[in-house]
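J.: following is a predicted model, sequence given first.
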Amino acid sequence: MNNYNLTLVLKPGLEEKARLELLESLKKKFAKVEKEDLWGQRSLAYPIKKQTLGYYVHFVIEAEPKIAKELDKTLRSEEDILRYLFVRV
């Protein structure tokens, strides 16, 4: 098992219910969520997909490398995620 940091920038117009459903579906893919921080809505340094704001969420997770690769594919295909940073620590 490896530890990973995952930081997501979600679309700011996403309703709270939809945002929570998205986060819950992602958490089901993790082996173990050690920490979850909702950083809230913040300004972006530059526009991403014509958005100037983003909703930030940070996770510290523990997962097998195989799960990590699958999660990376899922994050790339999710249209409500503007950007993400997925790093092994």
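T.: Everything's here; your move.

J.: tell me which stretches of the protein form strands.
T.: Along the chain, counting by DSSP state E, strands occupy 2-10, 32-48, 51-63, 81-88.

J.: where does pLDDT dip in the chain?
T.: Of all residues in the chain, none has pLDDT under 70.

J.: before we move on, the earlier item: of all the strands of the chain, which one is nearest Leu75?
T.: Nearest of the strands of the chain to Leu75, taken as C-beta to C-beta: strand 81-88 at 4.9 Å. Using the backbone N, CA and C atoms, a C-beta is placed for each residue, glycine as well.

J.: now do the closest one: everything it contacts.
T.: Strand 81-88 has contacts (C-beta atoms under 8 Å, 6 or more residues apart in numbering) with 2-11, 22, 44, 48-49, 51, 54, 68, 71-72, 75.

J.: and that strand, what's buried?
T.: By neighbour count on 16 or more other C-beta atoms under 10 Å, the buried set for strand 81-88 is 81-82, 84.

J.: between those residues, which is nearest Val60?
T.: When the buried residues of strand 81-88 are compared for distance to Val60 (C-beta to C-beta), Tyr84 wins out at 14.3 Å.

J.: residues near Glu62, how many?
T.: 14 (other C-beta atoms under 10 Å).

J.: and it, what are its bridge partners?
T.: Judged by DSSP bridges, the bridge partners of Glu62 are Asn3, Lys32.

J.: need the strands of the chain in a markdown table with distance to Ala18, can you?
T.: A markdown table is the format used below for those (distance: least, C-beta to C-beta, whole Å):
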| stretch | distance to Ala18 |
| --- | --- |
| strand 2-10 | 9 |
| strand 32-48 | 15 |
| strand 51-63 | 11 |
| strand 81-88 | 12 |
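
J.: and the ones you listed: which comes nearest Glu16?
T.: Evaluated over those, closeness to Glu16 peaks at strand 51-63, with 9.7 Å, by C-beta to C-beta.
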